[in-house]
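> requesting a structural model of the entry that follows:
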Amino acid sequence: MDWATQPNPFRNYSDTQRIELPLSTKNSTLPYSLIDEDVPSAPLLKESLAQFLEFSMGIAAWKESGGSS
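Residues are numbered from 1 along each chain as shown. Predicted structure coming up:
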């Protein structure tokens, strides 16, 4: 397949409202050093949901080579 005939990788549903979500570069996150600390939960906002979805798609597969992953 060439680039001009590639199918759309995103699903679109008719009669639904499309919401643009911001990229995580616009949202601040806690440093990894605080990952085991008791920190307050983030409020459920469009920005925090967008960040969760973006980061959850970051690891699609594990790579292994020579006993390391």
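> now do the buried residues in stretch 36-55.
Of all the residues in stretch 36-55, those buried under the rule 16 or more other C-beta atoms under 10 Å are Glu47, Ala50, Gln51. Where C-beta positions appear, they are placed from N, C-alpha and C, glycine not excepted.
> please read the previous query as pertaining to stretch 53-69.
Per 16+ other C-beta under 10 Å, stretch 53-69 contains no buried residues.
> residues making contact with that stretch?
The contact list for stretch 53-69 (C-beta atoms under 8 Å, 6 or more residues apart in numbering) reads Leu21, Leu23, Ser24.
> try 10 Å
Contact partners of stretch 53-69, identified using C-beta atoms under 10 Å, 6 or more residues apart in numbering, comprise Leu21, Pro22, Leu23, Ser24, Thr25, Asn27, Thr29.
> in TSV, list those residues along with secondary structure.
Output for the contacts of stretch 53-69, formatted as TSV (DSSP: H, G, I helix; E, B strand; the rest coil):
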residue	secondary structure
Leu21	coil
Pro22	coil
Leu23	coil
Ser24	helix
Thr25	helix
Asn27	coil
Thr29	coil
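> for Asp15, state which of the residues you listed is nearest.
Among the contacts of stretch 53-69, Leu21 lies closest to Asp15 (C-beta to C-beta), at 20.1 Å.
> which residues in the chain form helices?
46-56 (DSSP state H).
> centroid residue for it?
Glu54 (0.8 Å; C-alpha atoms, centre = their mean).
> now rank the contacts of stretch 53-69 by neighbours and give me the top one.
For the contacts of stretch 53-69, the largest neighbour count, defined by other C-beta atoms under 10 Å, is 17 neighbours, found at Ser24.
> correct me if wrong: Gln51 contacts Pro22.
Yes: when contacts are counted by C-beta atoms under 10 Å, Gln51 is listed as touching Pro22 (8.3 Å).
> about what we covered before: between the buried residues of stretch 36-55, which is nearest Pro9?
So of those, ranked by how close each gets to Pro9 (C-beta to C-beta), first place is Ala50, at 18.1 Å.
> so the closest one makes contact with Leu44?
No: using C-beta under 10 Å, Ala50 is not in contact with Leu44, being 11.4 Å away.
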